[in-house]
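A.B. asks: Generate a structure from the sequence data that follows.
(chains A and B)
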Amino acid sequence: MGTSIHIANAKGRDATLGAAPVKRPEPPRLGVPGTKIEFKRYLAATECGTHKKLVQSLGEDYGAKLLEADPEVDIEMVGRLVGQTQTVYLAPSGELLHEDPSFVEVVYAADGEEKERRAPVDTVSNVNADLPVRWTGRLVPIKDAVRKFAFKRRMQLRHVDGLTFDFLFEMAKELEQKSSLMLVGTGDKGTSSLIFQANGRPYRGFLEGKTKGKSYQVILHLSEMELKKPVPAKKKGASDGQ
Amino acid sequence: MAKPIIVLADGAEASFDIVKIDRSKIYGSRKRVATDAQGNPCVRASLLADGSELLLPGMTAQGYFTETGKPVSRQEMVGLDENGNVVETQPSTLGVAQALEGPVDPAEVLGLDLDSVFYLEAVAGADGIGARLKGGDVFKFAFNYSAGLETGTAYLVGNDEGYFALAGARAAPEWVEEAAVFFAEESVTEDAGDLDFDDL
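C.D. replies: Okay, here's the model as predicted:
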């Protein structure tokens, strides 16, 4: 699966290219030799079998009653495969909400303490926008970059026609000569983070380039964190549903 | 607490306690919470497509089934490679000394498909290797947090903040030639140390 990216080179020339995640080889999987199996979701209990309802109907200490008569198993429903579902929200009373809920963004500090509640701001993808992703001119030697940042994702940039082959091949050659990663960014000055999908994670982007004969690799390394000592947790974050 | 990472460097064992880290443990995190008109938090649930059942958290489970619908237990399953050959389970490497390879070219780290990042606290015998890591050397070792069907790779790096293990699997990008056309589905001079990650 791939996407498109609008990116400029060192001279400020821009082009729209393909970008696809770098995939690892297919790992071994669990299975039964000679038998085709599928991973499926199924109904394990109905609402009457949830802890809350069982406490209401059988009292707090209901363990022995489950062993005696299986009151939690609705034979008509349990085991039924679950296919497509629709997301709904329940009010604190347990009733179905018949209108769209509002959303609040809860911000937690690194130690797990709640810092702030605010209205969420929706973000849009900015890697294939009117303004191209730009080279900032800031080079980070590879030996420093791998000790400073955690690169969580990698996107390989690909040409879409002959002109963009030349564009990327030259870019790869230029980056290779520098033995460094080029910091790239979005916005007027190229200093903003890269967002690949609506409300997606923002990343800092670092370009790496290599050539071999008449082939090239231009890799966009994406990082959302530096390698830093973690802040000790004070308490666990709230677990309210989204 | 997880068992330590133990590495064999220059014939001596160095041991590190590990803490798995992610962005939230360094910068904090954000979470969107659904609320009703009065601002009370709501519970997210699912409705079956035919509307016959409301699925609350904890009401569903997942499992493997044959084509005829027979459930398959975990005990019946084995590891299979892409050709259907049985592969052995690989044990966890935690608590077991692993040979360090290197120092390796730092550019190797860029070929890692990263799964996890661990912050390492030196427990014993880490003075020698620690100094080399702080000096910029990068080492590689076999790593499995828990038993699995393959053994991954981890790189040991160090900086002013401490020591880190970057764990994942090697995944090399393709060399792209002119004929391989892609079809999509749809001047700053500061030092890199000034990058702002807090506002991401």
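
A.B. asks: Could you point out which residue ranges in chain B have low pLDDT?
C.D. replies: Scanning chain B for pLDDT under 70 picks out B:184-196, B:198-199.

A.B. asks: For the residue nearest the centre of chain A, give its distance to chain B.
C.D. replies: By Cα atoms, centre = their mean, chain A has its centre lying nearest to A:Arg201, at 6.4 Å. A:Arg201 is 8 Å from chain B, where distance means Cβ to the nearest Cβ, to the nearest Å. Any C-beta I mention is one placed from the backbone N, CA and C, and that applies to glycine too.

A.B. asks: Double-check that residue against A:Glu224; I have them as touching.
C.D. replies: Yes - contact criterion Cβ atoms under 8 Å: A:Arg201 and A:Glu224 qualify, at 5.9 Å.

A.B. asks: quick one: common contacting residues for the two?
C.D. replies: Residues within reach of A:Arg201 and of A:Glu224 at once, by Cβ atoms under 8 Å, 6 or more residues apart in numbering or on different chains, are B:Leu200.

A.B. asks: all helices for chain A, in order.
C.D. replies: Assigned by DSSP state H, the helices in chain A fall at A:51-58, A:63-69, A:142-148, A:162-178.

A.B. asks: cool, and chain B?
C.D. replies: Under DSSP H, chain B gives helices at B:24-27, B:127-134.

A.B. asks: same for the first one, what does it pack against?
C.D. replies: Contact partners of helix B:24-27 among helices and strands, from 3 or more Cβ pairs under 8 Å, 6 or more residues apart in numbering or on different chains; DSSP states H and E: strand A:215-226.

A.B. asks: can you pull the contacts of the nearest residue to A:Leu207 once chain neighbours are set aside?
C.D. replies: What sits nearest to A:Leu207 in space, not counting adjacent residues and going by Cβ to Cβ, 6 or more residues apart in numbering or on different chains, is A:Met182, at 4.5 Å. Shown in contact with A:Met182 (Cβ under 8 Å, 6+ apart): A:135-140, A:175, A:206-207.

A.B. asks: from those residues, which is closest to B:Ala142?
C.D. replies: Using Cβ to Cβ, the shortest approach to B:Ala142 within the contacts of A:Met182 belongs to A:Phe206, at 27.2 Å.

A.B. asks: got a list of what the nearest residue to the closest one once chain neighbours are set aside touches?
C.D. replies: Counting by Cβ to Cβ, 6+ apart, A:Phe206 lies nearest to A:Leu181, which is 3.9 Å off, once chain neighbours are set aside. Applying Cβ under 8 Å, 6+ apart to A:Leu181 gives the contacts A:139-142, A:145, A:175, A:206-208, A:221.

A.B. asks: could you redo the last one with a cut-off of 6 Å?
C.D. replies: Residues near A:Leu181 by Cβ atoms under 6 Å, 6 or more residues apart in numbering or on different chains: A:140, A:145, A:206, A:208.

A.B. asks: what's the burial count for the third one?
C.D. replies: Translated: A:Phe206. The number of residues packed near A:Phe206 is 25, by other Cβ atoms under 10 Å in any protein chain shown.

A.B. asks: And for the first one?
C.D. replies: Here the count is done by other Cβ under 10 Å, and A:Val140 has 19 residues near it.

A.B. asks: Spatially nearest residue to B:Ala172 (excluding sequence neighbours)?
C.D. replies: B:Ala172's closest residue in space is B:Gly111 (Cβ to Cβ, 6+ apart), at 5.9 Å.

A.B. asks: wait, what's in contact with the residue located most distally from the centre of chain A?
C.D. replies: Here the centre of chain A is the reference, and by Cα atoms, centre = their mean the most remote residue is A:Glu68, at 45.5 Å. With contact set as Cβ under 6 Å, 6+ apart, A:Glu68 has no partners.

A.B. asks: before we move on, what about B:Lys134?
C.D. replies: Residues near B:Lys134 by Cβ under 6 Å, 6+ apart: B:Gly158.

A.B. asks: 10 Å - rerun?
C.D. replies: When contacts are counted by Cβ atoms under 10 Å, 6 or more residues apart in numbering or on different chains, B:Lys134 touches A:147, B:157-160, B:162-163.

A.B. asks: buried residues in the longest strand along chain B?
C.D. replies: Secondary structure of chain B per DSSP state E: the longest strand is strand B:112-124. Within strand B:112-124, the residues scored as buried using 16 or more other Cβ atoms under 10 Å in any protein chain shown are B:112-120, B:122.

A.B. asks: Ok, stretch A:43-61 next?
C.D. replies: Using 16+ other Cβ under 10 Å as the burial criterion, the residues of stretch A:43-61 that qualify are A:43-47, A:49-50, A:54.

A.B. asks: does any bit of it sit next to chain B?
C.D. replies: Yes - using Cβ under 10 Å from any Cβ of the partner chain, stretch A:43-61 reaches chain B at A:43-47, A:49-53.

A.B. asks: Closest one of those to B:Val33?
C.D. replies: Of all these, B:Val33 sits closest to A:Lys52, with 20.8 Å by Cβ to Cβ.

A.B. asks: Quick check: ChimeraX command selecting the buried ones in the contacts of A:Met182.
C.D. replies: The ChimeraX selection below is limited to those of the contacts of A:Met182 classed as buried (16+ other Cβ under 10 Å):
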select /A:135,136,138,139,140,175,206,207
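
A.B. asks: got the contacts of A:Met182 as JSON lines, with pLDDT and distance to B:Ala61 columns?
C.D. replies: Shown next, in JSON lines, are the contacts of A:Met182 (pLDDT from 0 to 100; distance: Cβ to Cβ, whole Å):
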{"residue": "A:Trp135", "pLDDT": "91", "distance to B:Ala61": "50"}
{"residue": "A:Thr136", "pLDDT": "91", "distance to B:Ala61": "49"}
{"residue": "A:Gly137", "pLDDT": "89", "distance to B:Ala61": "53"}
{"residue": "A:Arg138", "pLDDT": "91", "distance to B:Ala61": "49"}
{"residue": "A:Leu139", "pLDDT": "93", "distance to B:Ala61": "51"}
{"residue": "A:Val140", "pLDDT": "95", "distance to B:Ala61": "46"}
{"residue": "A:Leu175", "pLDDT": "94", "distance to B:Ala61": "49"}
{"residue": "A:Phe206", "pLDDT": "97", "distance to B:Ala61": "42"}
{"residue": "A:Leu207", "pLDDT": "96", "distance to B:Ala61": "44"}
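
A.B. asks: and the helices of chain B, which is most packed in?
C.D. replies: Neighbour counts (mean count of other Cβ atoms under 10 Å in any protein chain shown) averaged over each of the helices of chain B peak at helix B:24-27, with a mean of 21.
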